[in-house]
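# Here you go, sequence then predicted model.
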Amino acid sequence: MNILVTGANGQLGNSVRKIAGNYPQHKFIYTDMPEVDITNLPLLEDLVKKESVGAIINCAAFTAVDKAESCEELAAKINVDGPKNLALAAKSVGAKLVHISTDYVFDGKSSLPLKETDATQPIGVYGRTKRQGEIEVEKSGCDAIVIRTAWLYSEYGNNFVKTMLRLGKERESLNVVYDQIGTPTYATDLAYAIMTLLEKGFKGFDTYHFSNEGVISWFDFTKAIFEIAGLGTKVSAIESFEYPTAAERPAYSVLNKRKIKAAGVSVPYWKESLKTCISLLEKQ
Ligand SMILES: NC(=O)c1ccc[n+]([C@@H]2O[C@H](COP(=O)([O-])OP(=O)(O)OC[C@H]3O[C@@H](n4cnc5c(N)ncnc54)[C@H](OP(=O)(O)O)[C@@H]3O)[C@@H](O)[C@H]2O)c1
């Protein structure tokens, strides 16, 4: 199968590249801005035809959660029109689409891990545009799955783990929020989850939740990052109001992974995956 990867220079895109060698039966076509802009429908329609694309993995998105609050138009163009265009292009050649969404489609008021069927209620622009993107993919009628993930990190780009490792080396102490609860996701694990579902095949539209296993706060995550990296930086637990940001975040966004596990996807424990990522970062 010819698999088109959009947004291939981001965290997830690079993680797909990293594991692609394990799937020699497929040809991966990596694309990103400025050459392949997912807001450009005619370009996508030509590309899927020219490359005989059988599946699209959409790793492209507007992911700057705080910036989205003041750039709603651009965030919507990329997070709503983008997946809509990809779904239409996929449908035009009978290809399958794997689209990635977020735990931020929920309001964070639940106290139980969130299922795919739970009501969405985004509390910020980023979450709202991502939810609208899901709806557009479903409406298109193409064979598609949406995988909602959370707290993504990797060896690539900018992410919480890399930021904390840098700050941990620069500072003696740090304040981190303990009242936002969720589960981190190592992008390599998500890339394997995507490939497992693609290889299994799917028809129609479906939604899955995927993160690593376990439940923690950003404070606990930071403590673990420093412990694994051997950094003695002191970490103090603070509340979200003490660290104001442009966008409000859901207080609780743990995802229930029962459905994706039943589909044969493995869900590694968050700390094991964190150790793998930090050891790769230390070798760089
Ligand atoms: N990061 C997280 O914590 C997190 C959490 C939950 C869900 N997710 C979702 O997971 C997916 C992957 O996230 P990620 O962290 O890997 O994202 P990322 O590192 O920000 O990568 C996104 C990529 O998409 C590209 N892009 C932006 N606009 C584009 C356009 N119009 N056409 C084509 N490419 C475009 C970006 O290029 P530029 O860099 O040039 O803009 C970048 O290379 C996204 O759907 C995101 O919403 C992420």
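Perfect, I can see it now.

# ok, now which ones touch the closest residue to residue 154 other than its chain neighbours?
With sequence-adjacent residues excluded and distances taken as C-beta to C-beta, 6 or more residues apart in numbering, residue 154 is closest to residue 187, at 3.7 Å. In short, each C-beta sits where N, CA and C put it, glycine included. Neighbouring residues of residue 187 by C-beta atoms under 8 Å, 6 or more residues apart in numbering: 11-12, 14-15, 152-154, 156.

# Look up how far residue 276 lies from residue 187.
Computed as C-beta to C-beta, to the nearest Å, the residue 187 to residue 276 distance reads 11 Å.

# Equivalent analysis for residue 53, please.
31 Å.

# Looking at these two now, which is surrounded by more residues?
residue 53 (22 against 15; other C-beta atoms under 10 Å).

# And the residue nearest to residue 154, how close does it get to residue 35?
Residue 187 is 22 Å from residue 35, by C-beta to C-beta.

# Over to the residue in the chain positioned nearest to the ligand: give its phi and psi.
Nearest residue of the chain to the ligand (C-beta to the nearest ligand atom) works out as residue 10 at 1.9 Å. The phi/psi pair for residue 10 (degrees, to the nearest 10) reads phi -90, psi -170.

# if I read this right, it contacts residue 159, doesn't it?
No: if you go by C-beta atoms under 8 Å, residue 10 and residue 159 don't touch, sitting 10.3 Å apart.

# Can you pick out the residue with more neighbours from those two?
Taking neighbours as other C-beta under 10 Å, residue 10 and residue 159 compare with residue 10 leading, 22 against 18.

# ok so, going back, contacts only, for the residue of the chain closest to the ligand.
Contacts for residue 10 (C-beta under 8 Å, 6+ apart) come out as 32, 59-61, 63, 156-157.

# Next, the contact list for residue 197, please.
98, 145, 147, 208, 260, 263, 265.

# which element is it on?
Under the criterion of DSSP states H and E, residue 197 resides in helix 187-200.

# what is the mean pLDDT for that helix?
Helix 187-200 shows a mean pLDDT of 98.
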